[in-house]
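K.L.:
Give me the fold of what follows.
(one chain, ligands or ions: 2)
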Amino acid sequence: MEQTEKIRDRVVLVGLNSPVLKEEENADEGSMEELSALVETAGGEVTGFVLQNRYSPDPRTFIGQGKVEEVRAYCENTEATMVIFDNDLSPSQMRVLTRELGVQVLDRCGLILDIFAQRAKTKEGRLQVELAQYRYLLPRLIGMWTHLERQAGTSGKGPIGSKGPGETQLETDRRHIHRKIDKLRDDLEEVRRVRQTQRQQRQKNEIPVVAIVGYTNAGKSTLLNCLTDAGIPANNRLFDTLDTTSRLLTVSDTLDVVLSDTVGFIRKLPHQLVEAFKATLEELEYADLLLHVIDVSNPDWELQAQVVDALIEELGANNLPRIEVFNKCDCFTGEILPHGENIVSVSAWTGEGMDRLLSRIGKELDKGSFHVLVKLPYDKGGLLDMLYREAKVESVDYSETIDVTAVCSEKILGQVSQWVSMIQD
Ligand SMILES: Nc1nc2c(ncn2[C@@H]2O[C@H](COP(=O)(O)OP(=O)(O)OP(=O)(O)O)[C@@H](O)[C@H]2O)c(=O)[nH]1
Ligand SMILES: [Mg+2]
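P.N.:
Ligands and ions are numbered 1, 2, ... in the order given. So this is what the prediction gives:
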């Protein structure tokens, strides 16, 4: 509840661009615009932007004393009640800025955590967000008390070498938070076990899993709805979906798959969140195919796709087959839509391109309906592994050649065509 009040604030956004910061730590117009969308998602109102260029961040105030004065005046003029930084602030910078600006100060990471906290509906989602919040809080809490200790020390009032009240409080708080974190981790472990069982069940049924991934607001939920009538909410706001929803999708007469929607990615995603959402995102690792949905109508789509690629790698899912789904092609204003073997352009809104997408999924996963006898020479043993992986092998006889009977797709048929001695459709 407290959160809802907090975010109805009038907000000034501040970003710093510096050559000594890493690219992903820097602010630019694109990331500021995104931050503004995040504020709107959280229910706040943006009253102004301050994008500063500076050689290096100021260790104390991040943006430098002069800029602090400017931002404070700006807040007064626009009656802002909160300042949100696009860059990550250290706990001590956040403290100094809160004091000197006279309004509440948040950074991007804190804002995203707030939004997740508002959105999380299921027990699992709540656990994940709570875990991320505690992990975010822990260093900040320590920073807070360190500050008090130092203040006591420099003013000469604190008895040197004795435990001040701050420190005692700090220890209690830290212990409390560590206990909370341990408990949340255990609870999430339990969730993970349940998922594991469901997964094994699915594997027994041999239904392939297709996971929809992509940048936030790319249209993942809309795509799932369009393909399966799932009827899940899809809204024009960031982080609309926090829970994994799965639906059965009939791809062709011979292929059914489980299609799963997932939480969206964003640049500078707090790593505490990535950690906490690993249970949900673990689905990716066990998927048979990824659909990477890209909002091609967004001028930043290339950068967004890179962010998603990097996270897929971090989650250990980069060796999975992947189809890039260029969505919102109804709004595409560029010259030529990207194209290529693993690319399909669609509009989840109008339904355009769904047939092509289904046939691409089929090509990737359908073991097909061609009954074949293949006589492989012994030095082509590698192709046998491939058949085991990509076709339904029924029998193998080692005679003069390796005689394999299997059911396979047209694609696989093409790869072994020169040794096929019998085909039945
Ligand atoms: N014009 C157009 N709009 C689309 C298309 N697909 C989705 N949208 C809109 O884009 C917005 C975001 O769609 P969602 O499906 O909620 O996006 P998402 O990827 O699930 O977003 P998160 O769950 O927030 O990560 C909604 O307003 C959709 O109506 C499309 O093909 N064309
Ligand atoms: Mg969604």
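K.L.:
Return the residues in contact with residue 109.
P.N.:
Going by Cβ atoms under 8 Å, 6 or more residues apart in numbering, residue 109 touches 88, 136, 268, 270, 272. Glycine gets a C-beta too; all of them are placed from N, C-alpha and C.
K.L.:
Would it be right to say that it lies in a helix?
P.N.:
Yes: the assignment for residue 109 by DSSP: H, G, I helix; E, B strand; the rest coil puts it in a helix.
K.L.:
farthest-separated two in the contacts of residue 109?
P.N.:
The span of these, defined through Cβ to Cβ, is set by 136 and 268 at 13.3 Å.
K.L.:
got the residue ranges for the strands in this protein?
P.N.:
For the chain, the strands defined by DSSP state E cover 10-17, 45-53, 82-85, 104-107, 209-214, 245-252, 255-261, 289-295, 322-327, 343-345, 370-376, 392-398, 402-408, 420-424.
K.L.:
right, and those - which one's nearest ligand 2?
P.N.:
With Cβ to the ion, the closest approach to ligand 2 among those belongs to strand 255-261: 6.0 Å.
K.L.:
Enumerate residues external to that closest one that contact any of its residues.
P.N.:
202, 207-212, 220-221, 224, 227-228, 230, 232, 241, 244-251, 283, 287-289, 361-362, 365-367.
K.L.:
Return stretch 115-125 as CSV; C-alpha atoms alone will do.
P.N.:
Provided in CSV are the C-alpha atoms of stretch 115-125 (Å, rounded to 0.1, in the frame of the first residue of the first chain):
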residue,chain,number,x,y,z
ILE,A,115,7.4,-2.2,-10.1
PHE,A,116,8.0,-5.9,-9.7
ALA,A,117,6.7,-5.7,-6.1
GLN,A,118,3.5,-4.0,-7.3
ARG,A,119,3.0,-6.6,-10.1
ALA,A,120,3.9,-9.9,-8.5
LYS,A,121,0.7,-11.8,-8.1
THR,A,122,1.5,-15.4,-7.5
LYS,A,123,3.1,-16.8,-4.5
GLU,A,124,6.2,-17.6,-6.5
GLY,A,125,6.4,-14.2,-8.0
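K.L.:
and the stretch 101-250 of the chain, which of its residues are near ligand 1?
P.N.:
Neighbours of ligand 1 within the stretch 101-250 of the chain, by Cβ under 6 Å from any ligand atom: 214, 216-222, 234-236, 238-241.
K.L.:
and ligand 2, which of those residues contact it?
P.N.:
Residues of those in contact with ligand 2 (Cβ under 5 Å from the ion): 220, 221, 240, 241.
K.L.:
relative orientation of the helix of greatest length in the chain and strand 209-214 in degrees?
P.N.:
Of all segments of type helix in the chain, defined using DSSP state H, the longest is helix 165-205. In terms of direction (axes from the mean of the first three to the mean of the last three Cα atoms, to 10 degrees), helix 165-205 departs from strand 209-214 by 140 degrees.
K.L.:
if we can go back for a sec, most neighbours, which of the ones next to ligand 2 among the residues of the stretch 101-250 of the chain next to ligand 1?
P.N.:
Each of those was scored for neighbours by other Cβ atoms under 10 Å, and residue 220 scores highest at 31 neighbours.
K.L.:
ok now do that one, which residues does it touch?
P.N.:
Taking Cβ under 8 Å, 6+ apart, we find residue 220 in contact with 212, 213, 214, 241, 261, 262, 264, 293.
K.L.:
distance between the longest helix of the chain and the chain's centre?
P.N.:
On the basis of Cα atoms, centre = their mean, to the nearest Å, helix 165-205 sits 20 Å off its chain's mean C-alpha point.
K.L.:
beta partners of the residue nearest the centre of the chain?
P.N.:
The chain has residue 265 as the residue nearest its centroid, 2.9 Å off, counting by Cα atoms, centre = their mean. Taking DSSP bridges as the rule, residue 265 bridges to residue 215.
K.L.:
Go ahead and confirm it touches residue 212.
P.N.:
No: using Cβ atoms under 8 Å, residue 265 is not in contact with residue 212, being 11.9 Å away.
K.L.:
Counting neighbours, which of the contacts of strand 255-261 end up buried?
P.N.:
208-212, 220-221, 224, 227-228, 230, 232, 241, 244-247, 249, 251, 283, 287-289, 361-362, 365-367 (16 or more other Cβ atoms under 10 Å).
K.L.:
re earlier: could you identify which of the residues of the stretch 101-250 of the chain next to ligand 1 has the most neighbours?
P.N.:
Counting by other Cβ under 10 Å, top hit in these: residue 220 with 31 neighbours.
K.L.:
Residue 420 touches residue 374, doesn't it?
P.N.:
Yes: at 5.4 Å, residue 420 and residue 374 qualify as touching, with contact defined as Cβ under 8 Å.
K.L.:
ok, residue 102 - contacts?
P.N.:
Per Cβ under 8 Å, 6+ apart, neighbours of residue 102: 72, 75.
K.L.:
pLDDT weak spots in the stretch 251-400 of the chain?
P.N.:
Along the stretch 251-400 of the chain, segments meeting pLDDT under 70 span 279-280.
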